[in-house]
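> Coordinates for the following, if possible.
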Amino acid sequence: MANNKRTMCLPPAAFVISLALAGVVVLAGAAAATTTTHLRFCMHDTVTAAPGSGPATAVRVARGAAPLPGDPANRFGDTYVIDDPLTEAPGAASAAVGRAQGFYVFASRSGDRALLLCADMAFTAGPHNGSAVSVLARDAILDDVRELPVVGGAGAFRGAAGYGLLRTHSYNASTNNAVLRIDMYLKV
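Next comes the predicted model:
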């Protein structure tokens, strides 16, 4: 009786394709393991301090040369450095959850009043204490809802990707003070 045992050998190209497919399956499994975290908080941007309200948290460090159309208070190129409180709710007495630290620049000459916002949302209380999320975004401040791309994070949010939805809760044109609501959706 003849021995009908055969050994199956894959040609080199088929072997490479098999390895690539196995890698895709492993990567798909890793992608499925990511979780989405929803954060909701408010940012208090105080350009002009009021008596009894504490110091300004946004300070203009550069004054632009050209006034913005229809806006005598702001100029193209105005640059502000921020250390804004983050709170659970829009009220000034709401519990603090962190600080937004970074800068924004009036970066549009047109009437849309768009800012370039670069900030690190550092959480100092609650379940995300010690973690941070970094954003770099165009913020068209007159739009009802603006999107903030997340460019990274630290702590529990290391390697985070996602976006934030920014809405103006209140704005005072004479002081430039604003309270912003932020819903952030992160994949880690």
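> Check the gap between Asp112 and Ala96 for me.
32 Å (CB to CB, to the nearest Å). C-beta: built from backbone N, CA, C; applies to glycine.
> Tell me where the model's unsure across this protein.
Residue ranges of the chain with pLDDT under 70: 1-33.
> I'd guessed Pro117 sits against Ile141; true?
No, residue 117 isn't Pro; it's Leu. No - look at Leu117 against Ile141 with CB atoms under 8 Å: they stay out of range, at 9.5 Å.
> So which of those two has more stuff around it?
Shown here are Leu117 and Ile141; by other CB atoms under 10 Å, Leu117 has more neighbours (22 against 19).
> which SS class is the residue nearest the centre of the chain?
Closest residue to the average C-alpha location of the chain: Val135 at 3.3 Å, with CA atoms, centre = their mean. Put simply, Val135 is strand when judged by DSSP: H, G, I helix; E, B strand; the rest coil.
> Any idea what it is bridged to?
Judged by DSSP bridges, the bridge partners of Val135 are Ala119, Val150.
> Quick one: residues contacting it.
Leu117, Cys118, Ala119, Met121, Leu148, Pro149, Val150, Val151, Gly164 (CB atoms under 8 Å, 6 or more residues apart in numbering).
> mind running it again at 10 Å?
Residues near Val135 by CB atoms under 10 Å, 6 or more residues apart in numbering: 100, 102, 117-121, 147-153, 162-164, 166, 182, 184.
> try Val47
56-60, 73-74, 80, 82, 172, 175-178.
> Select only the buried ones of these in ChimeraX?
Listed next is the ChimeraX selection for buried residues among the contacts of Val47, using 16 or more other CB atoms under 10 Å:
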select :56,57,58,60,74,80,82,176,177,178
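> Looking at the contacts of Val47, which is nearest Phe157?
Ile82 (19.6 Å; CB to CB).
> For the closest one, what is the enclosing helix or strand?
Using DSSP states H and E, Ile82 falls within strand 79-87.
> Tell me the first helix or strand C-terminal of that strand.
The helix or strand immediately downstream of strand 79-87 is strand 96-106, counting by DSSP H and E.
> Can you spell out which helices and strands pack onto that following strand?
Judged by 3 or more CB pairs under 10 Å, 6 or more residues apart in numbering; DSSP states H and E, strand 96-106 is in contact with strand 36-45, strand 58-62, strand 71-76, strand 79-87, strand 114-123, strand 132-140.
> Relative to Val188, which of those strands is closest?
Closest among the helices and strands packed on strand 96-106, using CB to CB: strand 36-45, at 6.5 Å.
> so that closest one versus strand 58-62, what angle?
70 degrees (axes from the mean of the first three to the mean of the last three CA atoms, to 10 degrees).
> Strand 36-45: which residues count as buried?
By neighbour count with 16+ other CB under 10 Å, strand 36-45 contains the buried residues Thr37, Leu39, Phe41, Cys42, Met43, His44, Asp45.
> do the same with stretch 121-137
Met121, Ala122, Phe123, His128, Ser131, Ala132, Val133, Ser134, Val135, Ala137.
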